[in-house]
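**Q** sequence and predicted structure, then a few things I'm wondering about:
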Amino acid sequence: MFIETFQLAVVAAFLTLSLGEALWLILHRGDRYAWREATASIVVAVGRRLSRLAAAPLIGAVYALAWEHRVHTFALLAEPWAWLPLFLGIEFTYYWYHRWSHEVRWMWATHRTHHSTPVLHLPAAVRLGWTSLLSGGWLLYTPLVLLGFHPLAVLLLIAANLTYQFWLHTETVPKLGPLEWFLNTPSHHRVHHAVNPRYLDRNYGGVVIVFDRLFGTFAAEDAAESCRYGLVGETAGRNPLRLAFEEWWRIARDVAGARSWRARLAYCFGPPGWSSDGSRRTAKQIRAEAGLE
């Protein structure tokens, strides 16, 4: 009962904040609100919810198996301090999950859905791919369970991480002063969604931005260069089936046309934009051409 009530509260908050953002943009900035993009995001979110329900038994079984073979047990209720290493573990894992979702095409095939919107407003936060089970990013959290953190606690903090990121998907919040140094903020996340070469594939953090600063993937939003959103070199449209599955179709097509196993593997697990004939460009190549690498 508590979970259902909490989920309803989250949905109500999402709808209320999204409507408030729309009214503010219309009344105070005179913008034309992207209602069609918002609707597409909501439809995709419903499909995401259904896909997660379908995947839950298998994911739960893998996490349960990892829990049975744990090397330690953190009693989170008796040892509240243990929530801190779990939080840091979730943030560290999320950073690499998110980074690889941009650098490995197999994972990008799911994550691409989230970046398909050409506008950044709150509904974009729930435009998430349907094929997470296939892309396998959820497996990266398994070591936390093996270390001794209960699967429910891991899932709780993953959910909290994603819930926090909802408010990051907006252009209505300015930079937040000293908080920009350690928190992921709307300014940092605008950079993450941007396709400008200087912003491309930057700022992967969830709640905190410290791992981006540590691993050299941080970029600050520059008032002199506005962020442009969407996908590099293409318009994704609003068809939810295309948004969810188009990249998988493209991978299958590329693999079918490849002339070697090396090329087939590269089309699956190389960076998005890689091609055997060099006709496409990866993010690293785009940044290099712009003198940023």
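**A** Arrived safely, thanks for sending.
**Q** what's the closest non-adjacent residue to Thr73?
**A** Taking C-beta to C-beta, 6 or more residues apart in numbering, and ignoring the residues beside it in sequence, Thr73 has Gly148 as its nearest neighbour in space, at 4.8 Å. Any C-beta I mention is one placed from the backbone N, CA and C, and that applies to glycine too.
**Q** how many residues are close by the one you found?
**A** 16 (other C-beta atoms under 10 Å).
**Q** got it, and Gly230?
**A** Neighbours around Gly230, by other C-beta under 10 Å: 17.
**Q** does the nearest residue to it once chain neighbours are set aside belong to a helix, a strand or coil?
**A** Once flanking residues are discounted, Gly230 sits nearest to Pro118: 4.0 Å by C-beta to C-beta, 6+ apart. Applying DSSP: H, G, I helix; E, B strand; the rest coil to Pro118 yields a three-state assignment of coil.
**Q** output the lowest mean pLDDT helix or strand found in the protein.
**A** helix 2-28 (a mean of 85; mean pLDDT, DSSP states H and E).
**Q** buried set for that one?
**A** For helix 2-28, burial by neighbour count (16 or more other C-beta atoms under 10 Å) applies to 14, 17-18, 21-22, 25.
**Q** cool, stretch 168-185 as well?
**A** 168-171, 183-185.
**Q** show me how far it is from its chain's centre.
**A** When C-alpha coordinates are averaged (C-alpha atoms, centre = their mean, to the nearest Å), stretch 168-185 and its chain have centres 17 Å apart.
**Q** how about residues contacting that stretch?
**A** By C-beta atoms under 8 Å, 6 or more residues apart in numbering, the residues outside stretch 168-185 that reach it are 21, 24-25, 120-125, 164-165, 167, 186-190, 193, 203, 205-210, 220-221.
**Q** gap between the two ends of stretch 235-243?
**A** End-to-end distance of stretch 235-243 (C-alpha to C-alpha, to the nearest Å): 11 Å.
**Q** that stretch: how far from the chain's middle?
**A** The answer for stretch 235-243 is 17 Å, by C-alpha atoms, centre = their mean.
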